[in-house]
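Could you work out the structure for the sequence below:
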Amino acid sequence: MNSPPGSLLPGVIEVARAAGRAILGIYARPDHDVETKADRSPLTAADRAANDVIIAGLAALAPDIPLWSEESATVAWDTRRQWSRFWLVDPLDGTREFIKRNGEFTVNIALVVGHSPVLGVVHAPVLDRDYYGVAGHGAFRADAGGAGRPIRVRAPATPPLRVAGSRSHRGSSLDGVLARLGEHRLVAMGSSLKFCLVAEGEADFYPRLGPTSEWDTAAAQAVVEAAGGAVVDLEGQPLRYNTRPELLNPHFIARGDPGRDWLELVRA
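Model prediction:
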């Protein structure tokens, strides 16, 4: 049975928060064992623990919907290309921030339908904060498990423009964009929280001109879009999911104010 995305949202929030509690139980330990995956990204026990919680929780919530997670990335293309809808999960986005103990990491759960994220939950365990959105139903922020309050992108984007940038992956490409931007303020942040800054109007623009995988962006894209913003590639097209064997996204921007040509800043 195809449950409407909105009806699944409360359960998804609870699953994300349960994964966050599993992460915090490991985060509290004095030392973390860190492995290196084939792509040279780090992996911790917290990634695995959160993944286990999410797999079990989403299977109980909607057993008919398949799941694709960063920690189960070996799902064959011939299998997942048949999916019309599926969960796309990053159990611990910002593992480097977790290792640094700066608190800027998240649990990301998206429901993708027809290659577009229609539901997204981003949970920040240390902040005890949830961002979530459903297509056509708006975006919200909730703190300490409380009631959600609506959030919206900032429009018009008046100077000084606020730019979200990666804390761990900043490169010369971002510096080039900033040099063309004029009066601005850079807000450095880890993980998918950068998207959430755009969604709630705390940042106007997040350019990402480096590699990301599909599970890094889907949940937060749903939040940004539900808040009135967009996440688009450098041709201006929304990011789409599960359309090819490759896992990497194209370069993209997340933007708030639709009345400004943000792509011009990146293409210059």
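
give the contact list for the closest residue to residue 92 other than its chain neighbours.
The spatial neighbour of residue 92 that comes closest, neighbours along the chain excluded (C-beta to C-beta, 6 or more residues apart in numbering), is residue 47 at 4.5 Å. C-beta coordinates here come from the backbone N, C-alpha and C atoms, glycine included. For residue 47, the contact set (C-beta atoms under 8 Å, 6 or more residues apart in numbering) comprises 70-71, 91-92, 95.

Which of those residues fall within strands?
91-92 (DSSP state E).

Neighbour-wise, which one of the contacts of residue 47 leads?
When neighbours are counted by other C-beta atoms under 10 Å, residue 92 leads the contacts of residue 47 with 30 neighbours.

That one contacts residue 99, doesn't it?
No. Counting by C-beta atoms under 8 Å, residue 92 does not reach residue 99; the two are 10.5 Å apart.

Residues in contact with both of these two, list them for me.
What both residue 92 and residue 99 touch, as defined by C-beta under 8 Å, 6+ apart, is the set residue 44.

need the strands for the stretch 51-200 of the chain, in chain order.
67-69, 85-93, 106-113, 116-124, 129-134, 138-143, 149-151, 161-166, 184-189 (DSSP state E, counting those that start in this stretch).

Tell me the strands beside the second one, with direction?
It stands for strand 85-93. Partners of strand 85-93 in the sheet, by DSSP bridges, are strand 67-69 (parallel), strand 106-113 (antiparallel).

circling back: just flag the most distant two among the contacts of residue 47.
Maximum pairwise distance among the contacts of residue 47 (C-beta to C-beta): 10.9 Å, between 71 and 95.

And for residue 11, the neighbour number?
By the criterion of other C-beta under 10 Å, residue 11 has 16 neighbours.

measure it to residue 87 for me?
With distances taken as C-beta to C-beta, to the nearest Å, residue 11 is found 12 Å from residue 87.

cool, residue 229 as well?
For residue 229, the distance to residue 87 - C-beta to C-beta - is 23 Å.

highest average neighbour count across the strands of the stretch 51-200 of the chain?
strand 106-113 (a mean of 28; mean count of other C-beta atoms under 10 Å).

Now flag whichever of the contacts of residue 47 is closest to residue 19.
Residue 19 has its nearest neighbour among these in residue 91, at 6.1 Å by C-beta to C-beta.
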